[in-house]
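A.B. asks: need a 3D model of the following:
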Amino acid sequence: MTIETGMLKGLRQRNAFTLIELLVVIAITAVLIALLLPAVQQAREAARRSQCRNHLKQLGLAVHNYEATFGLLPINRYGDYAYSSVWGGPFEDSYSWSWLASILPYIDQTTLWNQGNIPNVRLKDSPAVAATIPIFTCPSDMLQGSAARNETSNYLRTNPLVGMTNYKGVQGSNFCFGDWANPGTAGHGCEPWEDGDGIFFPMNFAQKVGFRNITDGLSTTLMIGEDVYDPNSPGVGNFGIGFAWAHAVEACAMAAIPINAKRPDGTPYASTDWQGRNGFRSRHIGGAQFALADGSVRFLSENMALGLYRALGTISGQELVKEF
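C.D. replies: Have a look, this model is predicted:
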């Protein structure tokens, strides 16, 4: 063996990895990835939550611009109860356009408003109903970036193709049903769809409410909140449940029910349990984000006192609201 051959052989021996060394390297890499992955996921969710907050901020600004133009808050046109003849009924063959539809010209959707002939045509006859509007969905939810979906609900009975929303108007804190029944504040009963004690109940067109009527204070009144899409929730008989942005009822939810509500015993509600799922929900851990009437956006804990949360949901309940 020459000197050069011996040196090369020794060099190869010194550079080789043993099986144990390789396994140690793999184990260390796996631990580092396991430590890094939650941090990456948290960073991504923080970015999604920030974008969701921005969507709420833009919707709140659109509401303010609408109110500045008309002197009234955006209206829902729900045709039911004593007003069924006004909008032609409650279903997709009616003119029951939502408050989200009302603000389309104020979120750079004037073309859609005009092409869809809103609100002068029945929902089922307007191409606008199937439009996907990115600002109406939360990046943390499965609806983000998705196309229109077919939905059968108590209000859309022919399974039409509809654009979706995660953002719903706060219709108040009164609710007649189930575990979270709550009487209305002065001048209101517990019927939430006909006579909600908040801003965006489905028949708010009959009340003609402007910011001047929010006597509880704009900074202590909830206006818009989040909901989580559940394709199994809407259905005939599941009152109030749906995710079509165009329909007045499906664009509203109640602050009578706790955020991310579970049954009083801590068990989850079934997807079709409309009495427990008409509240606000989010995929942000620990609570949900809301736009208030003053245009600000706040994250509210799912563990906040129910009385305080309900007080924030009314416009003139005269409740004493402490710091939140």
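A.B. asks: any weak-confidence spans in the chain?
C.D. replies: Residue ranges of the chain with pLDDT under 70: 1-17, 21, 32-43, 45.
A.B. asks: do that again at 80, thanks
C.D. replies: 1-17, 19-46, 144-146, 322-323 (pLDDT under 80).
A.B. asks: what residue spans form the domains of it?
C.D. replies: 3-39, 52-312 (automatic domain parsing).
A.B. asks: and the strand or helix carrying residue 225, C-alpha only, in PDB?
C.D. replies: Counting by DSSP states H and E, the element that carries residue 225 is strand 222-226. This file holds the C-alpha atoms of strand 222-226, laid out as PDB (Å, rounded to 0.1, in the frame of the first residue of the first chain):
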ATOM      1  CA  LEU A 222     -71.900  45.200  18.900                       C
ATOM      2  CA  MET A 223     -72.600  45.500  15.200                       C
ATOM      3  CA  ILE A 224     -71.000  42.600  13.300                       C
ATOM      4  CA  GLY A 225     -69.600  39.300  14.400                       C
ATOM      5  CA  GLU A 226     -68.100  36.000  13.200                       C
END
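A.B. asks: paired strands for the following helix or strand past that strand, with orientation please.
C.D. replies: As assigned by DSSP H and E, the chain's next helix or strand after strand 222-226 is strand 252-253. Strand pairing for strand 252-253, determined by DSSP bridges: strand 167-170 (parallel).
A.B. asks: how about residues contacting the strand it pairs with?
C.D. replies: 55-56, 59, 76, 99-100, 136-138, 198-201, 222-227, 250-255, 280, 290, 313 (CB atoms under 8 Å, 6 or more residues apart in numbering). Glycine gets a C-beta too; all of them are placed from N, C-alpha and C.
A.B. asks: ok, now stretch 100-119?
C.D. replies: 58-59, 61-63, 65-66, 74-77, 95, 97, 126-129, 131, 133, 135-136, 165, 167, 169, 245-246, 251.
A.B. asks: whichever helix in the chain runs longest versus strand 222-226: what angle between them?
C.D. replies: Identified as the longest helix of the chain according to DSSP state H is helix 19-70. If you take axes from the mean of the first three to the mean of the last three CA atoms, to 10 degrees, helix 19-70 sits at 150 degrees to strand 222-226.
A.B. asks: ok, residue 91 - how many residues close by?
C.D. replies: The number of residues packed near residue 91 is 19, by other CB atoms under 10 Å.
A.B. asks: before we move on, back to that, what's the longest helix of the chain packed up against?
C.D. replies: Packed against helix 19-70, as judged by 3 or more CB pairs under 8 Å, 6 or more residues apart in numbering; DSSP states H and E, are the following elements: strand 167-170, strand 222-226, strand 287-292, strand 297-301.
A.B. asks: turn the ones you listed into a markdown table, including mean neighbour count and distance to residue 26.
C.D. replies: Shown next, in a markdown table, are those (neighbours: other CB atoms under 10 Å; distance: least, CB to CB, whole Å):
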| stretch | mean neighbour count | distance to residue 26 |
| --- | --- | --- |
| strand 167-170 | 27 | 46 |
| strand 222-226 | 27 | 42 |
| strand 287-292 | 23 | 40 |
| strand 297-301 | 16 | 40 |
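A.B. asks: so which of these comes closest to residue 161?
C.D. replies: strand 167-170 (19.9 Å; CB to CB).
A.B. asks: chain center to the closest one: distance?
C.D. replies: 6 Å (CA atoms, centre = their mean, to the nearest Å).
A.B. asks: which SSE is immediately downstream of the longest helix of the chain?
C.D. replies: Taking DSSP H and E, what comes next after helix 19-70 is helix 84-87.
A.B. asks: can you pull the buried residues of that following helix?
C.D. replies: 86-87 (16 or more other CB atoms under 10 Å).
A.B. asks: excluding chain neighbours, what is closest to residue 217?
C.D. replies: Closest residue to residue 217 apart from its sequence neighbours, by CB to CB, 6 or more residues apart in numbering: residue 321 at 7.6 Å.
A.B. asks: surely the one you found and residue 308 touch.
C.D. replies: Yes - the pair residue 321 / residue 308 is scored as a contact, 6.8 Å apart, by CB atoms under 8 Å.
A.B. asks: thinking again about what came up before, now render the helices and strands packed on helix 19-70 as JSON lines, adding distance to residue 190.
C.D. replies: Listed next are the helices and strands packed on helix 19-70 as JSON lines, based on distance: least, CB to CB, whole Å:
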{"stretch": "strand 167-170", "distance to residue 190": "16"}
{"stretch": "strand 222-226", "distance to residue 190": "18"}
{"stretch": "strand 287-292", "distance to residue 190": "22"}
{"stretch": "strand 297-301", "distance to residue 190": "23"}
